[in-house]
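Sequence first, predicted coordinates after that:
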Amino acid sequence: MRRGIGVVLVGLTVAGMAPSIAGAQIADRYRETANRIIEAALADSAAYGRLTELVDLFGHRFSGSPNLENAIDWMLEEMASDGLDNVHGEPVLVPHWVRGAESAELLEPRIKALPMLGLGGSVGTHREGITAEVLVVGSFAELEARADEAPGKIVLFDAPWDGYGRTVRYRMAGADAAASVGAVASLIRSVTPYSQQTPHTGTMAYGDSVPRIPHAAITPEDAAMLHRMQDRGERVVVRLQMGAQMLPDAVSRNVVGELRGSEFPDEVVILGGHIDSWDVGQGAMDDGGGVVAAWEAVRLLHDLGLRPRRTIRVVGWTNEENGLRGGSGYREAHLGEVDDIVLAMESDGGVFKPLGFGFGGSDAAYDIVREIGTLLDPIDAGDIRRGGGGADIGPLMQEGVPGMGLNVDGTRYFWYHHTDADTIDKLDPREMAECVAVMAVMAYVVADLPEKLPR
């Protein structure tokens, strides 16, 4: 089939063709192969089974941990057993933050344990912890207005969910904001639209102009309760204990495996996800599912005997969660190849029901991938929208590489994001198999086109 496609399209420069004509020819010529890939991906739950093995054997995989490095060893061995080409790890130095023992307890007006998670990168408390009255505010603006009440207190940001991008500001910058008005520690309402007394962790950041104070998340339910207590005029006192510490950087690895191209092996289509996770739950959704789906897409193409013109490379990036060292390190290690990276694709939104992709690149390239997307209409996953990418491929995209992010039904993603509830049972085998199918079809067709995607 590849030879027949080459005969039909040889000599045509996709970038110079009228997009609708080029796209129609692409879709017509690859439809049979795309259907074959989809059928094979949906024939079993191999991807889900492999993900289950990963998370059950190794659990969460935080940067600097033995769990992560053992999982990387396993992944490299399994990729080699799959028959992938050029399987190897690429060393990257990663941050090594350790949570340590931690707890939060309400002491007044009554005694109650408060489920909590320290936020990644936070400093710890001294051994005895911090016991202080709590000042609850709903926003940065309210904290500023009540700044004279904050010295010596623990500030709690009870900021309601307003979308991830807006609400996560309190996780990222809450500690500095509280320290700037004299607080001794800061808490946030977990960044989630839904909770069952489940705290959410995630990274935070310190600036250099204020003292570094401990920073942690409690549940939305408890944040609301403390807010109500304060509104009734009750004195709210909490004891916070955190054994968090930052250790020297540790060596980790990006995981790489390939399906070597038949005609232009130095030109590469990259797809992947991140192998690391937070130090809670199993990291099944974020992002074990994404990295395994990308890996399984390449394994599936290999098993089907589909070797495209260009190389397809799966990458399991390390340290996405608390440093992005894997993505930035990958760019630095491959700067000399940037012109030959045809497309970078990432899955980091959970392997729920796939809807299509978000695309970042030229108009001419967008027209092409949108037409390739029509091959995914049989499983309702052909919606290709403007604007897409991902954290790990972001550094490559800054160098001009076109990027795609897998779009899925994210209704439940932030329910489990960065929690102990991110476990394998939250995912569906059929939906994950569909994610494998859409990534495999898109990667294969882009890798097999006569011409590179235009920039």
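Now that the structure is in, tell me what you want to look at.

Helix, strand, or coil at the residue minimising distance to the centre of the chain?
Taking C-alpha atoms, centre = their mean as the criterion, Asp348 is the residue nearest the geometric centre of the chain, at 3.6 Å. Taking DSSP: H, G, I helix; E, B strand; the rest coil as the rule, one finds Asp348 in the coil state.

And it, its phi and psi?
Backbone torsions of Asp348, given as degrees, to the nearest 10, read phi -150, psi 40.

Can you tell me how far it is from Ile270?
Asp348 sits at a distance of 14 Å from Ile270 (criterion: C-beta to C-beta, to the nearest Å). From N, CA and C alone the C-beta is placed, and that goes for glycine too.

got any ranges where the stretch 101-250 of the chain has weak pLDDT?
Across the stretch 101-250 of the chain, nothing is flagged by pLDDT under 70.

got the residue ranges for the strands in it?
For the stretch 101-250 of the chain, the strands defined by DSSP state E, counting those that start in this stretch cover 102-108, 112-113, 116-118, 130-137, 154-157, 185-189, 215-218, 237-242, 245-259.

would you list these in TSV and tack on mean neighbour count?
Output for the strands of the stretch 101-250 of the chain, formatted as TSV (neighbours: other C-beta atoms under 10 Å):
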stretch	mean neighbour count
strand 102-108	18
strand 112-113	12
strand 116-118	25
strand 130-137	20
strand 154-157	28
strand 185-189	29
strand 215-218	29
strand 237-242	22
strand 245-259	19
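
Kindly reformat those as TSV containing distance to Leu57.
Formatted as TSV, these follow (distance: least, C-beta to C-beta, whole Å):
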stretch	distance to Leu57
strand 102-108	26
strand 112-113	31
strand 116-118	24
strand 130-137	38
strand 154-157	37
strand 185-189	33
strand 215-218	28
strand 237-242	29
strand 245-259	16
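
of all those strands, which lies closest to Thr411?
Closest to Thr411 of those, according to C-beta to C-beta: strand 185-189, at 20.5 Å.

In this structure Pro429 contacts Ala46, no?
No: using C-beta atoms under 8 Å, Pro429 is not in contact with Ala46, being 9.2 Å away.

right, so of the strands of the stretch 101-250 of the chain, which gets closest to Arg61?
Nearest of these (C-beta to C-beta): strand 245-259, 9.8 Å.

Run through the residues that contact the residue of the chain positioned farthest from its centre.
Distance from the C-alpha centroid of the chain, by C-alpha atoms, centre = their mean, peaks at Gly233 (41.8 Å). For Gly233, the contact set (C-beta atoms under 8 Å, 6 or more residues apart in numbering) is empty.

How much space separates it from Pro109?
In terms of C-beta to C-beta, Gly233 sits 10 Å off from Pro109.

what does Glu320 give?
Glu320 is 41 Å from Pro109, where distance means C-beta to C-beta.

so where do the helices sit in the stretch 151-300 of the chain?
Remark: helices assigned in the stretch 151-300 of the chain by DSSP state H, counting those that start in this stretch are 164-167, 169-179, 220-231, 289-303.

Give me the mean pLDDT for the longest one.
In this model, helix 289-303 has an average pLDDT of 98.

could you give the angle of it to strand 245-259?
Relative orientation of helix 289-303 and strand 245-259, computed by axes from the mean of the first three to the mean of the last three C-alpha atoms, to 10 degrees: 20 degrees.

Check which helices and strands helix 289-303 is in contact with.
For helix 289-303, the elements it packs on are helix 19-41, helix 46-58, helix 66-82, strand 245-259, strand 264-274, strand 310-317, helix 429-448, judged by 3 or more C-beta pairs under 8 Å, 6 or more residues apart in numbering; DSSP states H and E.

I'd like these as TSV, with distance to Leu335 appended.
Formatted as TSV, these follow (distance: least, C-beta to C-beta, whole Å):
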stretch	distance to Leu335
helix 19-41	30
helix 46-58	31
helix 66-82	23
strand 245-259	15
strand 264-274	14
strand 310-317	15
helix 429-448	21
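
thought Gly349 was touching Val408?
Yes: Gly349 is within contact range of Val408, at 5.3 Å (criterion: C-beta under 8 Å).

Can you check which residues contact both of those two?
By C-beta under 8 Å, 6+ apart, no residue touches both Gly349 and Val408.

Figure out the length between the terminal residues of stretch 155-170.
Taking C-alpha to C-alpha, to the nearest Å, stretch 155-170 runs 11 Å from one end to the other.

buried set for that stretch?
Going by neighbour count (16 or more other C-beta atoms under 10 Å), the buried part of stretch 155-170 is Val155, Leu156, Phe157, Asp158, Ala159, Trp161, Thr167, Val168, Arg169, Tyr170.

again, but for stretch 350-367
In stretch 350-367, counting by 16+ other C-beta under 10 Å, buried: 350-361, 364-367.

For Val338, state which of the residues you listed is nearest.
Ranked by distance to Val338 (C-beta to C-beta), those are led by Gly361 at 13.7 Å.

now the closest residue to the closest one other than its chain neighbours: how far from Leu42?
Spatial nearest neighbour of Gly361, chain neighbours left out: Pro402 (3.2 Å); criterion: C-beta to C-beta, 6 or more residues apart in numbering. Using C-beta to C-beta, Pro402 is found at 27 Å from Leu42.

Of the two, give the one with the bigger neighbour count.
Pro402 (28 against 15; other C-beta atoms under 10 Å).

Outline the domain layout of the protein.
Under automatic domain parsing, the residue ranges defining each domain of the chain are 2-97+248-448, 102-243.

Tell me how far the longest one lies from the chain's centre.
When you say that, I think you mean domain 2-97+248-448. 12 Å (C-alpha atoms, centre = their mean, to the nearest Å).

now do the shortest one
Put simply, domain 102-243 sits 25 Å off its chain's centre (C-alpha atoms, centre = their mean).
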